[in-house]
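J.: Fold the following.
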Amino acid sequence: MIKTVRIGIIGSGGIAHAHVSQYKKLPDVEIVAVADVVPGKAQQFIDSLSLENAQPFEDHRKLLELDLDGVSICTPNVSHHLTTVDALRAGKQVLLEKPMSVTLSEAVDMVQAARESGSMLTIGFQPRYDPNMKLVQDIV
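T.: Just a heads-up that it's a prediction; the model follows:
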């Protein structure tokens, strides 16, 4: 039996739509929660993408209290550090939209939080998997 992977989305702006569209292609993934600091925006996002089983939150920390396997962090760059560290300390696997952070010290802190928690932190830098990039790597 395949386990359903339970995902939360933190931030419901433009890039979050791309994350959801890809998650929806995976039969063993369920988006169970969306958080956005703008009142009502998480619910609008849920409704617009027909995420029937997802719960809306205005505080990402409340979302992190749920039984989730991981989160996609799709917030504005300035909040990447806070939301990522909170998610890692809550024991969630994290897919963070680029850029990782706005300062080097924040990035170091995020990596340290990942190491301490034992959770995975990955940055959504899609070109690394692009066929063109593979060709460049092969040539190099």
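J.: first vs last residue of stretch 123-135, how far apart are they?
T.: 21 Å (C-alpha to C-alpha, to the nearest Å).
J.: Just the mean pLDDT for it, thanks.
T.: The pLDDT scores in stretch 123-135 average 76.
J.: What residues sit buried inside stretch 46-58?
T.: Ile46, Leu49, Leu51, Ala54, Gln55, Pro56, Phe57 (16 or more other C-beta atoms under 10 Å). C-beta coordinates here come from the backbone N, C-alpha and C atoms, glycine included.
J.: Now do the closest residue in space to the fifth one that isn't next to it in sequence against Gly8, distance only.
T.: If I follow you right, that is Gln55. The spatially closest residue to Gln55, leaving aside those adjacent along the chain, is Ala33, at 4.8 Å (C-beta to C-beta, 6 or more residues apart in numbering). Using C-beta to C-beta, to the nearest Å, we find Ala33 at a distance of 4 Å from Gly8.
J.: try Pro99
T.: Relative to Gly8, and taking C-beta to C-beta, Pro99 is found at 21 Å.
J.: just Val111 next, same as before
T.: From Val111 to Gly8 the distance is 21 Å (C-beta to C-beta).
J.: Compare those two (neighbour count), which wins?
T.: Neighbours were counted for Val111 and for Gly8 using other C-beta atoms under 10 Å; Gly8 has more, 24 against 15.
J.: can you give me the helices in this structure?
T.: For the chain, the helices defined by DSSP state H occupy 14-23, 41-48, 60-63, 80-89, 104-117, 131-139.
J.: Can you flag the weakest of those by average pLDDT?
T.: When I compare these, helix 131-139 is least confident, with a mean of 81.
J.: And that helix, what does it pack against?
T.: If you count contacts as 3 or more C-beta pairs under 8 Å, 6 or more residues apart in numbering; DSSP states H and E, helix 131-139 packs onto no helix or strand.
J.: who are the neighbours in contact with Leu49?
T.: His17, Val20, Lys24 (C-beta atoms under 8 Å, 6 or more residues apart in numbering).
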